[in-house]
Each structure stands twice: as C-alpha cells, then as structure tokens.
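Trainee: what follows is a protein structure lacking sequence information:
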C-alpha cells in the first residue's frame, strides 16, 4: 500500500486574501489543485486523504461540499476530511452536518490559518463532537508563510492537553510540527492515539534527515504517516525524497536510516490506523 494522507483540493478563487498573497511570495505560484490534477497525482497509488479548508481569517475557503463531491468519484480510494473554523459558534453542528450529509470522515483544523488557540476551553465542544463521531483530527501545528497567522498557537505541545482529555481521539500532527519537530515527537510518543505526518519536509533535506533520526531514536518511527502536501509536492516527489533522506549518513559516523524504516513509512496502512476503513 502507498497511501497519501495529506493532499489538498484548491479550485480557482478558493485561495485569496493573506493566504494567497503569502503563497505567491513563498512559492511563486498560484495555489490551484483541480480534481484532474489531484487524480493525476495519486494515479497508480492506493489512495489519499483530501482536505477541505475553512480559514476565513487568512483567506482560504475550500468548502466541504467540494471535497465531498470529488472524493465520491473514487469511493474506497479517496477519503474527505471536513474543515470547520473553530471560531464559528456552531462549529460542532457544522462538523456533524459534514459527516452526515456529505459523508466526510475526518476533520482538518489549523490554528495558524484559522487564528485560534487550541487549548481554549471554548473549542473543546468541537473536539468532543469529533470524538463522539469517531473522526480523526488532522492539525496543522507548525510554521507557515502567512504573516497574519497565529504562530504562538501552532506549537505541537498545545495539543497535549487535548490528547489527555480525549485519549481515544485519533489526531495527526501535520508536517511533524516543523520547526518544533522534537516537541512534536514528544507529544506523539506519550499519547497513544496521536500520530504525525511528514508532508512538506522533503524540501528541507537536512531537517528531514534529522527529523527521521530523532523519531527513530525516540522509538516512534512507526507513528509517522506518509503524506505529500499536494499541490506543493506530489506523492512521487515525496517518495523520492524519503528514499534519499539517509544520504547524509553515507560514509560518515552520522546515524543511518535503514531502508526498512523508510519503506515501512511509505507503505503504512494509514486508513486502517485512523479507522477510515
């Protein structure tokens, strides 16, 4: 199995405001990911999670309905995660609606794009609803290129009280919480149902190598999920960067990254781990 746990759909006009302007500065690109482009990215692989995005604070709005419509074209291969801005007063109801009406099977939230503090008690009703519905939550905990985002809300350790409150709630920390990777690993190690994905790290090879070594040394490489962050990177690019991540150690005293560790990440059965199937 090769399953990409972190991909996006961005139709024309859905990324604007601060998010769109910052993406142009950081990536020199218009952020577009059509269904046709997404299908081409995951063609030949076993499946992917496709993420909605409800982030009015920074100008990124990918409706749950659009993701639901697309993933319905490949049931059993594509899995849609809803996005609900936790600042919305009816956030728990909107999440339940996304599940019951649109058949979405997870929740994507991102403090640095939605401008909220994860451990604020007023947001716990949303987490409780996800827990009730047995939905995994994917968190963007880590840095971003959007100046208006709440960087201080984005540290992985912010999720530890939530994991303790809802020990059965499956959560994924995207991008291994970069640049707070060891902090992310600490949260993942102590909480049974918290995982991390390595999406977007391949573009920083030295950081990527050290992240993998640290995960191995802490004994949590089995909790790394494979993801690309399409359209910023493709599934195949991420496979290639992962298989070359250990090159820094060749012919040196640096810790090696064994091939079986790399292949176990690439072939991880993420749908089963997250209860999607």
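Mentor: Thanks, I have the structure now. Bear in mind that the values here come from a model prediction, so they are computed numbers and not experimental data.

Trainee: can we go C-alpha only for contacts and neighbour counts from here?
Mentor: Fine.

Trainee: what are the contacting residues of the one helix or strand in the chain whose mean pLDDT sits lowest?
Mentor: Ranked by mean pLDDT, DSSP states H and E, the weakest helix or strand in the chain is helix 17-27, scoring a mean of 83. Outside helix 17-27, the residues that touch it by CA atoms under 8 Å, 6 or more residues apart in numbering are 29, 30, 31, 58, 59, 60, 113, 145, 146, 147, 148.

Trainee: just stretch 223-237 next, same as before
Mentor: 3-8, 31-33, 38, 41-42, 188, 194-200, 238, 265-268, 270.

Trainee: let's see 6 Å
Mentor: With CA atoms under 6 Å, 6 or more residues apart in numbering as the contact definition, stretch 223-237 has outside contacts at 4-8, 33, 195-197, 199-200, 238, 265-266.

Trainee: flag every buried residue along the host helix or strand of residue 208.
Mentor: Element membership for residue 208, per DSSP states H and E: helix 205-217. By neighbour count with 16 or more other CA atoms under 10 Å, helix 205-217 contains the buried residues 205, 207, 208, 209, 210, 211, 212, 213, 214, 215, 216.

Trainee: same check on stretch 17-33?
Mentor: 18, 19, 20, 21, 22, 23, 31, 32, 33.

Trainee: how near is the last one to residue 229?
Mentor: From residue 33 over to residue 229 the distance is 11 Å, taken as CA to CA, to the nearest Å.

Trainee: end to end, how far does stretch 38-52 reach?
Mentor: 14 Å.

Trainee: so what touches that stretch?
Mentor: Contacts for stretch 38-52 (CA under 6 Å, 6+ apart): 1-8, 62-64, 77-83.

Trainee: of the contacts of helix 17-27, buried ones?
Mentor: Buried among those by 16+ other CA under 10 Å: 31, 58, 59, 60, 113, 145, 146, 148.

Trainee: just give the nearest non-adjacent residue to the fourth one, would you?
Mentor: What sits nearest to residue 60 in space, not counting adjacent residues and going by CA to CA, 6 or more residues apart in numbering, is residue 15, at 4.6 Å.

Trainee: tally of neighbours for the one you found?
Mentor: The burial count assigned to residue 15 is 23, neighbours taken as other CA atoms under 10 Å.

Trainee: distance check, it against residue 32.
Mentor: 8 Å.

Trainee: go through stretch 151-163 and flag the buried ones.
Mentor: 151, 153, 154, 155, 156, 157, 158, 159, 160, 162, 163.

Trainee: same question for it, mean pLDDT?
Mentor: Taken as a whole, stretch 151-163 has an average pLDDT of 97.

Trainee: how distant is it from the center of its chain?
Mentor: Mean-position distance between stretch 151-163 and its chain equals 15 Å (CA atoms, centre = their mean, to the nearest Å).

Trainee: which residues touch it?
Mentor: Residues contacting stretch 151-163 (CA under 6 Å, 6+ apart): 111, 112, 117, 141, 142, 177, 184.

Trainee: now the two most distant members of the residues you listed.
Mentor: 117 and 184 (16.8 Å; CA to CA).

Trainee: neighbour-wise, which of those two wins?
Mentor: Neighbours per residue (other CA under 10 Å) separate residue 117 from residue 184, with residue 184 holding more: 28 against 21.

Trainee: need the pLDDT of that one.
Mentor: 98.

Trainee: what residue lies at the spatial centre of the chain?
Mentor: residue 174 (3.7 Å; CA atoms, centre = their mean).

Trainee: which ones are touching that one?
Mentor: 139, 140, 196, 197.

Trainee: tell me where the stretch 151-277 of the chain has strands.
Mentor: For the stretch 151-277 of the chain, the strands defined by DSSP state E, counting those that start in this stretch occupy 171-173, 194-197, 224-225.

Trainee: is it possible to export those to TSV including distance to residue 105?
Mentor: Below are these laid out as TSV (distance: least, CA to CA, whole Å):
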stretch	distance to residue 105
strand 171-173	13
strand 194-197	17
strand 224-225	17
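
Trainee: turn these into TSV, columns for mean neighbour count.
Mentor: Converted to TSV, those look like this (neighbours: other CA atoms under 10 Å):
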stretch	mean neighbour count
strand 171-173	26
strand 194-197	26
strand 224-225	27
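
Trainee: to residue 260, which of the ones you listed lies closest?
Mentor: strand 224-225 (13.6 Å).
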